[in-house]
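Chemist: Need coordinates for the following:
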Amino acid sequence: MPETHVIFITRDDVLGYGLPIYHIGRKIEEVGTDFKDEAYIIYVNSSRQDDTELGRLMKDFHCKNAKDIHSEVLARRVYELKETQEGVDHMCREMDEIYNEGAKLGEERGRIQGIAEGLAAGEMKAKKETALTLAEKGMSASDIADIVKVSVKLVQEWLSGNMSLVK
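Modeler: Below is the predicted model:
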């Protein structure tokens, strides 16, 4: 596998040791040696904005205006993306794409939820029909509830709601 670094820049000190940065490697616990898969995780606490190189970078990440950013490279790119028409157009396209992907996910979740609700409603309808059929055969509400796996109270509601139709 190629060397990988996953960097989490967090709002606060999520690990709680009071450090600005944490480097996490993997170790084979039983023998106490490093696992050489070259996969690393780094947590950066962005609330630490001191006068170190990392602290200044975290401060830059919190700046809203390019002119307030210390890093020339970052300031130039922020200026391009936020303060030029080409950059603004680019960011608008990116945001539209993110929004559209989110909308598609929401529609899919809604469709799945609708299917699940439909299945649950169908299952409940089948249980009610079974309960009514068993009641017509003289079975008690308690026995029906055991068979269709619902509460006795629900079976009684079904039966009382249906009695006017039966008579």
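Chemist: hey, let's count contacts and neighbours off CA atoms from now on
Modeler: Fine.
Chemist: Which parts of the protein are helices?
Modeler: According to DSSP state H, the chain carries its helices in the segments 53-62, 72-83, 85-136, 141-148, 152-166.
Chemist: Could you dump these into JSON lines with mean neighbour count, distance to Arg26 and mean pLDDT added?
Modeler: Conversion of these to JSON lines gives the following (neighbours: other CA atoms under 10 Å; distance: least, CA to CA, whole Å; pLDDT from 0 to 100):
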{"stretch": "helix 53-62", "mean neighbour count": "17", "distance to Arg26": "24", "mean pLDDT": "93"}
{"stretch": "helix 72-83", "mean neighbour count": "15", "distance to Arg26": "32", "mean pLDDT": "93"}
{"stretch": "helix 85-136", "mean neighbour count": "13", "distance to Arg26": "34", "mean pLDDT": "90"}
{"stretch": "helix 141-148", "mean neighbour count": "16", "distance to Arg26": "52", "mean pLDDT": "94"}
{"stretch": "helix 152-166", "mean neighbour count": "13", "distance to Arg26": "55", "mean pLDDT": "75"}
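Chemist: Now render those as a markdown table, adding distance to Ile7.
Modeler: Converted to a markdown table, the helices of the chain look like this (distance: least, CA to CA, whole Å):
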| stretch | distance to Ile7 |
| --- | --- |
| helix 53-62 | 13 |
| helix 72-83 | 18 |
| helix 85-136 | 21 |
| helix 141-148 | 52 |
| helix 152-166 | 53 |
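Chemist: Minimum distance to His23: which of those helices has it?
Modeler: Among these, helix 53-62 comes nearest to His23, with 13.7 Å by CA to CA.
Chemist: Need the contact partners of that closest one.
Modeler: Contact with helix 53-62 is made by 20, 46-50, 68-71, as judged by CA atoms under 8 Å, 6 or more residues apart in numbering.
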